[in-house]
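Q: sequence first, then the predicted structure, then my questions.
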Amino acid sequence: MLSKVTNSSINLGTGQIINYVKANPDIQIDRIQDNLTGWLLIKLKSGKIYMYNYFNNRVYLHNRIQIHFNNKICTKTIDSFDQNNINLSNQLRKYILKLILSIGYPIDTMLGIGGEYYIYWLFLEKISNLIGISNHESIIADANYNCPFSKNYLVDYNNLPSYPVIPIVDVILLNVFQINSNIIKYMSRIKFKKIIIISCNLSDSKLSLISKHFHIQNIKYFNNITNLIRIIEI
């Protein structure tokens, strides 16, 4: 099941999501998310956002939901990306964090691209330079909110000159739905120790392009509901 669904996939939601929708058939829901600790974050087609506590049956005017991972809490807006398969999300995050830390300290600089890279920043206090880029305003806003000590840049993936110039990093974490070829070109210009790619929609042509620019060390597969998530180590 998913913790965040759109109005076209409500039947894939948690029991609490399905119960709420059935009890409120006249509400025009755009997106709804269950954080599994008592709260639904609901965005209506009108743009209104609110929280519903299903333990005490009350509505609150909040626009952020909590993600619990490794005894820490990250808050996100409903339009931001998250690993929303409740059976897989934290298992996947733990594996990624283990890969990041596997290169060993000292780690001076880490670059995150897309997705929920900033969740991992919460566990990397020893790293002095944490840099993130995305083409989505909500991801940049959530990164700045949760990790004000990091530097985050809004870019156009189709416009390579909009990317920040970063010559050397220790780790690059890439998490995007479809890997833009410019991102591959961008990473190839950076001197690095390890690249970790998280992808659930990686075509054979893009995998071939990655292998032309980099040496793939390992690929691990996670079974998602309708596809496979690849974790690629470079």
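A: Received, thanks.
Q: helices and strands around the longest helix along the chain, which ones?
A: Selection of the longest helix in the chain by residue count, based on DSSP state H, yields helix 89-101. For helix 89-101, the packing partners by 3 or more CB pairs under 8 Å, 6 or more residues apart in numbering; DSSP states H and E come out as helix 118-121, strand 171-175, strand 194-199, strand 218-223, strand 228-233. All C-beta spots, glycine's among them, are computed from the backbone N, C-alpha and C.
Q: mean neighbour count and mean pLDDT added to those, as TSV?
A: Listed next are these as TSV, based on neighbours: other CB atoms under 10 Å; pLDDT from 0 to 100:
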stretch	mean neighbour count	mean pLDDT
helix 118-121	24	91
strand 171-175	24	95
strand 194-199	22	93
strand 218-223	12	89
strand 228-233	17	89
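Q: re the thing from before, for the longest helix of the chain, list the C-alpha coordinates in PDB.
A: Provided in PDB are the C-alpha atoms of helix 89-101 (Å, rounded to 0.1, in the frame of the first residue of the first chain):
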ATOM      1  CA  SER A  89      10.400   3.200   2.400                       C
ATOM      2  CA  ASN A  90      12.400   3.000   5.600                       C
ATOM      3  CA  GLN A  91      14.000  -0.300   4.400                       C
ATOM      4  CA  LEU A  92      15.200   1.500   1.300                       C
ATOM      5  CA  ARG A  93      16.300   4.600   3.300                       C
ATOM      6  CA  LYS A  94      18.400   2.500   5.800                       C
ATOM      7  CA  TYR A  95      20.100   0.800   2.900                       C
ATOM      8  CA  ILE A  96      21.000   4.100   1.200                       C
ATOM      9  CA  LEU A  97      22.300   5.600   4.500                       C
ATOM     10  CA  LYS A  98      24.500   2.500   5.000                       C
ATOM     11  CA  LEU A  99      25.900   3.000   1.500                       C
ATOM     12  CA  ILE A 100      26.700   6.600   2.200                       C
ATOM     13  CA  LEU A 101      28.500   5.800   5.400                       C
END
